[in-house]
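Trainee: Below: sequence and its predicted model.
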Amino acid sequence: MKKLIALALALIMVFALCACGNTAEPAAPAAPADPAAPADPAAPAAPAEPEGSTDTYVFSYATVDAEGSDHDIRVEQVLKQLLEEKSGGRMTLDVYYSSGLTGVGSTLDGIKNGTVDMGFDACGFYVGEFLYTELFSMPGFYFGDLDEASEVLRAFDAEFTDGRLNDYKIMARLCGEPLCFYLSGEEPIKVPADFAGLTFRTTGSNQRLVEACGGAGTGMPSNEVFEALRLNVIDGSIAGLGSIITFNYGEVTDCLTIAPFMNTENTVWMSKELYDSMNDYDKAIIDEVCAEFQAKFAEYNEWNHQNVMSYLEANFPEYTVYELNAEEIAQFTELLIPLQDEKAAELDAAGLDGTGALAWLREHTK
């Protein structure tokens with residue numbers, strides 16, 4: 001009997017324990033972390049998302065100018081500084097001076113074949129390649145001062161292009177310093193008839209100008225002009241305003257005439273293949289640099305004009321600088337109409353809209 005009672009008590013205790021286990025309340029869920037609470041400094045930080053770009057570039061740049069020259073200081077070094085500032089030091093220039101890598105007339109070929117990344121050159125050295133620009137550079141279009149002429153150039157590029165300009169990334173493009181008639185003689189060139197019987201060193205369409213005015217044009221390397229003027233082999237030369245300093249024309253000529261109806265273009269180019277290979281962040285930096293560099297490049301033109309005037313006043317106070325008036329400009333531009341018509345016809349024959357481009361340019365002349 002006692003054994004039965006003990007067994008019954010043991011069974012009762014087992015059932016009691018099971019009931020206690022089944023009625024235990026589940027554990028409360030953990031409260032969500034407060035987003036405003038500071039992170040535990042001991043916990044490992046999550047990897048940060050990358051911002052911008054870490055790519056680095058050393059762009060090779062070709063120029064004909066010497067290291068430390070005015071052009072270097074006010075063009076190449078300005079571009080280098082803009083690249084370094086905008087990129088936080090990830091982009092810079094490696095400048096090859098004095099045609100050490102490529103020269104005028106070969107820089108664009110160097111950009112295309114990968115020899116150079118950037119460079120200073122003009123379309124005028126690539127005869128037959130940039131036909132619309134050749135039409136723009138024909139003598140006889142007077143667009144106003146250099147800033148106005150540069151605006152016309154860029155608008156013309158947007159309106160008429162054979163696609164050749166699109167083969168490159170244009171970093172800056174504007175009308176360069178005005179061409180001038182340098183002459184060994186007391187009286188400067190003022191009207192077309194003043195060319196009669198004179199021989200001028202010139203090139204391309206400018207040679208046609210001299211011949212249309214009754215003179216003779218002859219080709220000659222730039223480094224031979226000084227001696228030819230000194231020996232009276234030629235009477236004068238058509239060249240940029242800065243040539244009086246670069247080639248010491250002040251020592252072998254007596255006067256110059258600034259001819260604002262003779263436009264030239266100057267361009268700083270970049271490899272489009274290289275530009276297209278960059279990430280979007282770095283492309284945006286290049287675009288920003290180009291926008292600011294265009295304005296800086298234009299400032300160089302203005303400075304160059306003032307520098308030449310100061311140079312002449314200090315070194316050749318008797319030198320004559322003549323600027324054509326509106327009536328004199330008109331005499332030249334009227335004489336040059338047939339040459340412009342011929343060039344437009346050449347573009348038409350090449351499948352371009354030479355006639356339309358010529359009409360556009362004449363609408364924008366002063």
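Mentor: Structure received. Residues are numbered from 1 along each chain as shown.

Trainee: Which residue ranges of the stretch 101-250 of the chain form strands?
Mentor: 118-121, 168-175, 179-183, 199-201, 216-218, 236-240 (DSSP state E, counting those that start in this stretch).

Trainee: To residue 269, which of those lies closest?
Mentor: Minimum separation from residue 269 across the strands of the stretch 101-250 of the chain (C-beta to C-beta) falls at strand 168-175, 4.8 Å. For every residue, glycine as well, the C-beta is placed using N, CA and C.

Trainee: before we move on, the earlier item: do you know which of the strands of the stretch 101-250 of the chain lies nearest residue 340?
Mentor: strand 179-183 (16.3 Å).

Trainee: between that closest one and strand 236-240, how many degrees?
Mentor: Relative orientation of strand 179-183 and strand 236-240, computed by axes from the mean of the first three to the mean of the last three C-alpha atoms, to 10 degrees: 150 degrees.

Trainee: Mind listing residues that contact strand 179-183?
Mentor: Contact with strand 179-183 is made by 188-189, 198, 200, 206, 229, 235-241, 243-244, 249, 253-259, 262, 264, as judged by C-beta atoms under 8 Å, 6 or more residues apart in numbering.

Trainee: Alpha carbons only: can I get that strand in PDB?
Mentor: Output of strand 179-183 as PDB, limited to C-alpha atoms (Å, rounded to 0.1, in the frame of the first residue of the first chain):
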ATOM      1  CA  LEU A 179      48.100  89.400 -89.500                       C
ATOM      2  CA  CYS A 180      50.200  92.400 -90.400                       C
ATOM      3  CA  PHE A 181      51.900  93.800 -93.500                       C
ATOM      4  CA  TYR A 182      55.600  94.400 -92.400                       C
ATOM      5  CA  LEU A 183      57.400  96.700 -94.800                       C
END
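
Trainee: and it, which strands flank it?
Mentor: Strand 179-183 pairs in its sheet with strand 236-240 (antiparallel), strand 255-259 (antiparallel), by DSSP bridges.

Trainee: What residues of it count as buried?
Mentor: 179-183 (16 or more other C-beta atoms under 10 Å).

Trainee: Lowest-confidence one in those residues?
Mentor: Minimum pLDDT across these is recorded for residue 179, with 92.

Trainee: ok, what's across the strand from that one?
Mentor: Where residue 179 sits in a bridge, its partners, by DSSP bridges, are residue 240, residue 259.

Trainee: Please apply the same query to residue 174.
Mentor: With DSSP bridges as the rule, residue 174 is bridged to residue 266.

Trainee: Near it, how many residues? Count them for me, please.
Mentor: Neighbours of residue 174 under the rule other C-beta atoms under 10 Å: 22.

Trainee: counting residues per helix, which one in this protein is longest?
Mentor: The longest helix of the chain (DSSP state H) is helix 280-315.

Trainee: Let me know the average pLDDT across that helix.
Mentor: On average, helix 280-315 scores 95.

Trainee: again with stretch 108-116
Mentor: On average, stretch 108-116 scores 95.

Trainee: buried sites along it?
Mentor: Those buried within stretch 108-116 under the rule 16+ other C-beta under 10 Å are 108, 110-111, 115-116.

Trainee: Name the nearest of those relative to residue 132.
Mentor: residue 108 (15.7 Å).

Trainee: Next up, the contacts around the closest one.
Mentor: 119, 121, 126, 168, 269.

Trainee: can you check residue 300 too?
Mentor: Neighbours of residue 300 in contact, by C-beta under 8 Å, 6+ apart: 71, 74-75.

Trainee: could those residues go into CSV alongside pLDDT and distance to residue 341?
Mentor: Putting the contacts of residue 300 into CSV (pLDDT from 0 to 100; distance: C-beta to C-beta, whole Å) gives the following:
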residue, pLDDT, distance to residue 341
71, 91, 36
74, 94, 38
75, 95, 36
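
Trainee: Considering those residues, which possesses the most neighbours?
Mentor: residue 75 (22 neighbours).

Trainee: Quick check: nearest residue in space to residue 312, chain neighbours excluded?
Mentor: Nearest non-adjacent residue to residue 312, counting by C-beta to C-beta, 6 or more residues apart in numbering: residue 319, 4.9 Å away.

Trainee: and that neighbour, how many residues sit next to it?
Mentor: Applying other C-beta under 10 Å, I find that residue 319 has 16 neighbouring residues.

Trainee: thinking it is in contact with residue 254, fair?
Mentor: Yes. Under the criterion of C-beta atoms under 8 Å, residue 319 makes contact with residue 254 at 6.9 Å.

Trainee: ok, now which ones touch the most centrally placed residue in the chain?
Mentor: Using C-alpha atoms, centre = their mean, the residue of the chain that lies closest to the mean C-alpha position is residue 172, 2.1 Å off. Neighbour list for residue 172: 267-268, 290, 293-294, 297 [criterion: C-beta under 8 Å, 6+ apart].

Trainee: For residue 81, see how far away residue 310 is.
Mentor: Counting by C-beta to C-beta, to the nearest Å, the gap from residue 310 to residue 81 is 25 Å.

Trainee: neighbour count winner among the two?
Mentor: residue 81 (15 against 10).

Trainee: Secondary structure element holding the more buried one?
Mentor: helix 77-87 (DSSP states H and E).

Trainee: just to revisit the earlier point, quick one: the buried residues of strand 179-183 as a markdown table, columns for distance to residue 337 too.
Mentor: Converted to a markdown table, the buried residues of strand 179-183 look like this (distance: C-beta to C-beta, whole Å):
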| residue | distance to residue 337 |
| --- | --- |
| 179 | 19 |
| 180 | 22 |
| 181 | 20 |
| 182 | 26 |
| 183 | 25 |
